[in-house]
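Trainee: Sequence and predicted structure below; questions after.
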Amino acid sequence: MTIAITGATGNIGGAVARALAADEVPFRMVVRDASRAPRLPGAEVAVATYADGDAARAALEGVDVLFLVSGAEARDRLDQHRTVVRAAASAGVQHVVYTSFQGAAPDATFTLGRDHWWTEQAVRDTSMAHTFLRDSFYLDFVEDLVGEDGVIRGPAGDGAMAAVARADVARVATAVLRAPERHMDRTYDLTGPAAITLEQAAATVSAVRGRPVSYHRETVEEAYASRQRWDPEPWQADAWVSTYTAIGEGALAKVSGDVERVTGQAPMSLRQVLEAQSA
């Protein structure tokens, strides 16, 4: 069996690549820039972008199982995903393991969740088997929501999210790639151990970091206005604001046991993630 991994220069793909290398599992890393690829034993390197179908097809020749990490946020991300999925099918890939989103749906409140839904459908429309890892929001990003004034601002109301650690997503992906036949045509919701409100998240960051952090409930109108300082494109502003409105409506509050079912290990909490970052 030949495995290919995308995103090996990033957090999740890189963690999966290191884990497979440690297990002496041979694999191929498909990267945009070969000079940035990690040097790992047993790993080949191929160069392609998601948007370049010909290069992606060549990079995936001879691959049986593809770990497809979702691309960077962009206006044309869905088009890029569809291109690389077609390339994988054309190259003869048999099984795609894709990092999707817990709330993936054609009408998902979180606007980028719609891209994930249609990417899933693109995979389903081929003859390739699939494993969809529907990640919740990442616990690792919670601290990034804190402004310079120590305040998390957004229109999430009192909603909660069952956010997951990137390390847990990587552990699930690694387990799937070690025995892909056990996970064919399965969809896993990957969450943390509990659903937390942004007020609770702020309190945890405050306690671990030893600085005051709070949560301010914005209206949707206030949220769009406050983010204009970065001059975002409309699609980006919609994504930023809908991150919070999706939490507010409860779309991400469901806690799943899939991380532990697949890996045999309980998922990390926000406190554990923050403490690990400081270690």
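Mentor: Sure, I can see it.
Trainee: For this structure, just list every one of the helices.
Mentor: 11-22, 53-59, 77-91, 112-124, 166-178, 198-209, 220-226, 234-248, 258-263, 270-278 (DSSP state H).
Trainee: thinking residue 103 is in contact with residue 111, fair?
Mentor: No. At 10.6 Å, residue 103 does not count as touching residue 111 under the criterion of C-beta atoms under 8 Å. All C-beta spots, glycine's among them, are computed from the backbone N, C-alpha and C.
Trainee: Looking at these two, which one has more neighbours?
Mentor: Neighbour count, other C-beta atoms under 10 Å: between residue 103 and residue 111, residue 103 has more, with 24 against 18.
Trainee: wait, what's in contact with the closest residue to residue 222 other than its chain neighbours?
Mentor: Excluding the flanking residues, the one nearest residue 222 by C-beta to C-beta, 6 or more residues apart in numbering is residue 155, at 7.4 Å. The neighbours of residue 155, taking C-beta atoms under 8 Å, 6 or more residues apart in numbering as the test, are 217, 218, 219, 220, 222, 223, 241, 244, 245, 248.
Trainee: most neighbours, which of those residues?
Mentor: residue 244 (25 neighbours).
Trainee: Setting aside sequence neighbours, what's the nearest residue to that residue?
Mentor: Closest to residue 244 by C-beta to C-beta, 6+ apart is residue 154, at 3.3 Å.
Trainee: Against residue 2, how distant is the one you found?
Mentor: 43 Å (C-beta to C-beta, to the nearest Å).
Trainee: Residue 257 too?
Mentor: Per C-beta to C-beta, residue 257 is found 31 Å from residue 2.
Trainee: do the same with residue 34
Mentor: 19 Å.
Trainee: So for the two, which sits in the more crowded spot?
Mentor: Shown here are residue 34 and residue 2; by other C-beta under 10 Å, residue 2 has more neighbours (16 against 10).
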